[in-house]
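1. pasting the structure only:
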């Protein structure tokens, strides 16, 4: 299960890098505009391709699962808690299974698009096997590819908005609890060897692919995090503006 540990070890840094980069970009836009509404608008415009895919994924999943859609919006706004909400899809209350599937849709669609761009357009290895030499050679050739920066921008915005929001995840916990209980019962009933023979090979194929998507997403955020932080710091100091973190 090496791939599982790769996935776990990459996911946590990716989430942290995403939070930090979003914060730096928001601060940067605030310094540049001095107006909250305009800063939110620029932030929304920057991430619009990813937000569009995210919300359309919710919408399409709801339609396919025959869940009534009450509201759909791509207009950004700030919540009472001060967080930026770039869009949303409001559906009718349904069973926990369909609710969880609708909430997970952006992660599936976003991961699929990132995998397609990375493999077929950027030529990166399709599976994260730990072969760093192969990855390093592929990364060195990226800037010379046609329209690389356009594809990098799309990859960045999609990966930066594909993670389910807090409202998207609210139906996950009951399913996770039920799944864990079923897994425990199945293993206790003596099905462990059968799962090792039939389930582990499937996971051994899926998990490296997912790890590759997370690795590429993390790399895109790390590439931009340092320049964004330095630019925000330089502009803030030159204009006498600072933020309490």
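-> Sure thing, it's come through. Quantities reported herein were computed from a predicted structural model and do not represent experimental measurements.

2. By neighbour count, which bits of stretch 180-193 are buried? Give me those.
-> By neighbour count, and taking 16 or more other CB atoms under 10 Å as the criterion, stretch 180-193 has no buried residues at all. (Glycine included, C-beta is placed from N, CA and C.)

3. Scan this protein for its longest helix.
-> Of all segments of type helix in the chain, defined using DSSP state H, the longest is helix 200-239.

4. Would you mind pulling up the elements that that one packs against?
-> Helix 200-239 makes packing contacts with helix 2-33, helix 96-116, helix 148-161 when contacts are defined by 3 or more CB pairs under 8 Å, 6 or more residues apart in numbering; DSSP states H and E.

5. Save those helices as CSV, and put in distance to residue 217 and mean neighbour count too.
-> Putting the helices and strands packed on helix 200-239 into CSV (distance: least, CB to CB, whole Å; neighbours: other CB atoms under 10 Å) gives the following:
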stretch, distance to residue 217, mean neighbour count
helix 2-33, 6, 17
helix 96-116, 6, 19
helix 148-161, 4, 19
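
6. Next, format those helices as CSV and append mean pLDDT and distance to residue 238.
-> Shown next, in CSV, are those (pLDDT from 0 to 100; distance: least, CB to CB, whole Å):
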stretch, mean pLDDT, distance to residue 238
helix 2-33, 87, 9
helix 96-116, 89, 36
helix 148-161, 92, 27
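
7. okay, these in TSV with distance to residue 66 next?
-> As requested, the helices and strands packed on helix 200-239 are exported to TSV (distance: least, CB to CB, whole Å):
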stretch	distance to residue 66
helix 2-33	32
helix 96-116	8
helix 148-161	26
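
8. among the ones you listed, which is nearest residue 222?
-> Checking the helices and strands packed on helix 200-239 against residue 222 by CB to CB gives helix 2-33 as the closest, at 5.8 Å.

9. how far does the closest one sit from the chain's center?
-> If you compare the mean C-alpha spot of helix 2-33 with that of the full chain, they lie 10 Å apart, counting by CA atoms, centre = their mean, to the nearest Å.

10. which is the next helix or strand following it?
-> Scanning forward in sequence from helix 2-33, with DSSP states H and E defining helices and strands, the next element found is helix 36-46.

11. for whichever helix or strand comes after that next one, packing partners?
-> The first helix or strand that comes after helix 36-46 along the chain, using DSSP H and E, is helix 48-64. When contacts are defined as 3+ CB pairs under 8 Å, 6+ apart, helix 48-64 sits against strand 69-73, strand 88-91, helix 96-116, helix 148-161.

12. Out of those, which is closest to residue 30?
-> Short answer: helix 148-161, nearest of these by CB to CB, at 18.4 Å.

13. between the closest one and helix 2-33, how many degrees?
-> With axes from the mean of the first three to the mean of the last three CA atoms, to 10 degrees as the criterion, the two stretches helix 148-161 and helix 2-33 enclose an angle of 100 degrees.

14. now what about helix 148-161, what contacts it?
-> Residues lying outside helix 148-161 but in contact with it, judged by CB atoms under 8 Å, 6 or more residues apart in numbering, are 18, 21-22, 46-51, 53-54, 86, 106, 110, 113-114, 117-118, 121-122, 142, 145, 213, 216-217, 220-221, 224.

15. and that helix, how far out from the chain's middle?
-> Put simply, helix 148-161 sits 11 Å off its chain's centre (CA atoms, centre = their mean).

16. relative to helix 36-46, how tilted is that helix?
-> An angle of 120 degrees separates the directions of helix 148-161 and helix 36-46 when computed by the same axes, to 10 degrees.

17. angle of helix 148-161 against helix 200-239?
-> Relative orientation of helix 148-161 versus helix 200-239 (the same axes, to 10 degrees): 100 degrees.

18. about what we covered before: filter the contacts of helix 148-161 to the buried ones?
-> With burial judged by 16+ other CB under 10 Å, the buried subset of those is 18, 21-22, 46-51, 53-54, 86, 106, 110, 113-114, 117-118, 121-122, 213, 216-217, 220-221, 224.

19. Great, nothing more from me.
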